[in-house]
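coords below, sequence missing:
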Ligand code: KIV
Ligand code: ZN
């Protein structure tokens, strides 16, 4: 039988980035894009070029480094959005513009305040303009899940005529049941035939995004839009790893289709995205959760020892979670082993960045006996958010005799290079540290969230601290991450990281290009 390809369209860098707290900088996005390419993703939606200068810059740089996957930018059906998208992707060997407009009655009436015929006109103009820049144009009927099927057919006819090659039918609000998606896709597939590829983009508000995507494939969809770890707006998108592994494990049900995904890159991709965004998949998450292969009950353990498939439907090796993942590096590991490890984890560093990362690794190895893959990921990703001419922690000393007043002495290197030291007290140790930082920098932050987790294992584990701090009551809180063997040092770094990000977003600091090694 001739198998048909399911095009895997990854939107981790666009819809995934819309997850609260998941914003990424250009360096981080480039690492993820290169890993997605290694994973075998067909189309990488690298961002929404017109959304911000940062988005544009990231898409533009991704377009220059990704060679095998198509690089795509999202654009509303507006002239400015489309020209920005075209400019951002112009250097990509394979490029696509993805333009969209809402087609449901509720969106057209209340959000767009447009009639259906005005919407069709806008959509056609958008596709025609996109087509003047690139051959590969995708058109999305936003909120297709709540749109009238006859209107979906009418607008599809018009945009296909204008040159769209892919028609995406998103369940934008994640309301549809699998049987309803099956019905919509089979009707649209019969109607459109081979005039365009039918795509789906399912949100997970009712936990059905993956089931709906699989049902769509059964009924003729040949592109699925998805994200690593299911990241995305609100409850997220369909998880790439779940769709791909369902197609593979249940090949008996999907014998007529295949994907280009190298499943051995699934786990490294998941870990990279978790390390960069700071958003860990839930432990019981299918495929990539920490417990996905943990057999707790005695009966299960006994079964697995006797024959793995008694309780395991696929092996951890199939997703790249093999022994190599627990192979430890230590202080005697050399540069070659370190470089090899970075490549296996999917990181591509320039030679000066590699040298600096190796210095940080050695520093960590002096303090921590065994270094695991997640430690290395944290070591690399924690340095990617740094900005130039920023506040840097030089020293931290805590005085907290039991029952006494918690106090902290902090030394900070200021953006102009001067070092300032001050001491202060607080209601607790962290409060004392953060208040003293406020006094030195002159920026008063309000702590909205504070999380600490150990990166890998052992009493000497690295602490990763994630904070959300508001530096202006009228603006959203900013995220900062800090890494150290010492939780208080990690906390101070996270707080300063949030301040630096805030000032950098305001254009008050510059992005750092070559970084000096930070101590662990
Ligand atoms: O959910 C949605 O409808 C989208 C579109 C822009 C494709 O993200
Ligand atoms: Zn979406």
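Received, thanks. Since we're looking at a predicted model, the values are computed, not measured. Ligands and ions are numbered 1, 2, ... in the order given.

Against which helices or strands is the biggest helix by length in the chain packed?
In the chain, with assignment by DSSP state H, the single longest helix is helix 487-505. For helix 487-505, the packing partners by 3 or more C-beta pairs under 8 Å, 6 or more residues apart in numbering; DSSP states H and E come out as strand 387-388, strand 392-399, helix 429-441, strand 446-454, strand 463-470, strand 478-484. (Each C-beta comes from the backbone N, C-alpha and C, glycine too.)

Now do the buried residues in that helix.
For helix 487-505, the neighbour count (16 or more other C-beta atoms under 10 Å) marks 487-504 as buried.

Also stretch 206-215?
So, applying 16+ other C-beta under 10 Å, buried residues of stretch 206-215: 208-215.

ok, now stretch 441-449?
441, 443, 445.

what's the answer for stretch 272-283, then?
Under 16+ other C-beta under 10 Å, the buried positions of stretch 272-283 are 272-281.

Present those as CSV; the columns should include secondary structure, distance to ligand 1 and pLDDT.
As requested, the buried residues of stretch 272-283 are exported to CSV (DSSP: H, G, I helix; E, B strand; the rest coil; distance: C-beta to the nearest ligand atom, whole Å; pLDDT from 0 to 100):
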residue, secondary structure, distance to ligand 1, pLDDT
272, helix, 22, 96
273, helix, 18, 96
274, helix, 22, 94
275, helix, 25, 91
276, helix, 21, 91
277, helix, 18, 90
278, coil, 22, 86
279, coil, 18, 90
280, coil, 23, 92
281, coil, 21, 96
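
the domain parsing of this structure - what is it?
4-277, 293-320, 326-384, 392-518 (automatic domain parsing).

how about the helices in the stretch 301-450 of the chain?
With DSSP state H, counting those that start in this stretch as the definition, the stretch 301-450 of the chain shows helices at residue ranges 335-344, 351-367, 373-381, 429-441.

thought residue 162 was touching residue 124?
Yes. Counting by C-beta atoms under 8 Å, residue 124 is a contact partner of residue 162 at 4.7 Å.

Quick check: which ranges of the stretch 151-300 of the chain have low pLDDT?
Scanning the stretch 151-300 of the chain for pLDDT under 70 picks out nothing.

cool, the chain as well?
323-328, 387-388, 400-402, 509-520.

Spell out which parts of it neighbour ligand 1.
Residues of the chain lying close to ligand 1 by C-beta under 6 Å from any ligand atom are 15, 100, 140, 142, 168, 170, 172, 201, 203.

quick one: which of the residues you listed is most hemmed in?
residue 201 (30 neighbours; other C-beta atoms under 10 Å).

centre of the chain versus stretch 142-155, how much separation?
Computed by C-alpha atoms, centre = their mean, to the nearest Å, the chain-centroid distance of stretch 142-155 equals 29 Å.

Residues in contact with it: which ones?
100-107, 116, 119-120, 123, 141, 168-176, 180-181, 184, 187-188, 191 (C-beta atoms under 8 Å, 6 or more residues apart in numbering).

Just the buried ones from these?
For the contacts of stretch 142-155, buried by 16+ other C-beta under 10 Å: 100-104, 107, 116, 119-120, 123, 141, 168-174, 176, 181, 184, 187-188.

Give me the subset of those residues that lies in helices.
Going by DSSP H, the helices hold 116, 119-120, 123, 181, 184, 187-188 from those.

ok, which pair from the residues you listed is furthest apart?
Maximum pairwise distance among these (C-beta to C-beta): 23.6 Å, between 120 and 181.

burial count for the residue of the stretch 351-500 of the chain at minimum distance from ligand 1?
Per C-beta to the nearest ligand atom, residue 476 is where the stretch 351-500 of the chain lies closest to ligand 1, at 20.7 Å. A count of nearby residues for residue 476, using other C-beta under 10 Å, gives 10.

Near the nearest residue to it once chain neighbours are set aside, how many other residues are there?
Nearest residue to residue 476 in three dimensions, chain neighbours excluded: residue 470, at 7.2 Å (C-beta to C-beta, 6 or more residues apart in numbering). Residue 470 sits with 17 neighbouring residues when counted by other C-beta under 10 Å.

Might you report the residue contacts of residue 470?
So residue 470 contacts 445-446, 448, 476-478 (C-beta under 8 Å, 6+ apart).

for residue 202, helix, strand, or coil?
strand (DSSP: H, G, I helix; E, B strand; the rest coil).

Quick one: neighbours of it, just the number.
30.

go on, residue 419?
Based on other C-beta under 10 Å, the number of other residues close to residue 419 is 12.

what about it, distance to residue 413?
Distance, residue 419 to residue 413, by C-beta to C-beta, to the nearest Å: 5 Å.

Common neighbours of the two, please.
Here residue 419 and residue 413 have residue 394 as joint contacts, going by C-beta under 8 Å, 6+ apart.

for the domains of the chain, which one ends up most surrounded?
domain 4-277 (a mean of 21; mean count of other C-beta atoms under 10 Å).

Next, the distance between the ends of that domain.
Domain 4-277 has an end-to-end distance of 34 Å (C-alpha to C-alpha, to the nearest Å).

Same question for stretch 201-217.
12 Å.

Residues in contact with that stretch: which ones?
6, 11, 15, 140, 168-179, 181-182, 185, 198, 200, 221, 224-226, 230, 232-239, 242-243, 246-247, 254, 257.

hmm, back to that, could you dump the residues of the chain next to ligand 1 to JSON lines with distance to residue 29?
Output for the residues of the chain next to ligand 1, formatted as JSON lines (distance: C-beta to C-beta, whole Å):
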{"residue": "15", "distance to residue 29": "14"}
{"residue": "100", "distance to residue 29": "21"}
{"residue": "140", "distance to residue 29": "21"}
{"residue": "142", "distance to residue 29": "24"}
{"residue": "168", "distance to residue 29": "22"}
{"residue": "170", "distance to residue 29": "22"}
{"residue": "172", "distance to residue 29": "23"}
{"residue": "201", "distance to residue 29": "20"}
{"residue": "203", "distance to residue 29": "22"}
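
what's the farthest-apart pair in these?
Pairwise over the residues of the chain next to ligand 1, using C-beta to C-beta, the maximum falls at 100 and 203, 14.1 Å.

Find the nearest non-adjacent residue to residue 395, please.
Per C-beta to C-beta, 6+ apart, closest to residue 395 is residue 411, 4.2 Å.

ditto for residue 220
That would be residue 189: by C-beta to C-beta, 6+ apart, it lies 3.0 Å from residue 220.

try residue 308
residue 315 (6.8 Å).

returning to what we had before: tell me which of the buried residues of stretch 206-215 is nearest to ligand 1?
Looking across the buried residues of stretch 206-215 and measuring by C-beta to the nearest ligand atom, the closest to ligand 1 is residue 209, at 10.5 Å.

so what's the backbone phi/psi at that closest one?
For residue 209, the backbone dihedrals (degrees, to the nearest 10) come out as phi -60, psi -40.

any idea how far the spatially closest residue to residue 169 that is not a sequence neighbour lies from residue 165?
With C-beta to C-beta, 6+ apart as the criterion, residue 169 has its nearest non-adjacent residue at 3.9 Å, and that residue is residue 144. Distance, residue 144 to residue 165, by C-beta to C-beta: 17 Å.

Likewise for residue 494?
From residue 494 across to residue 165, the span is 45 Å (C-beta to C-beta).
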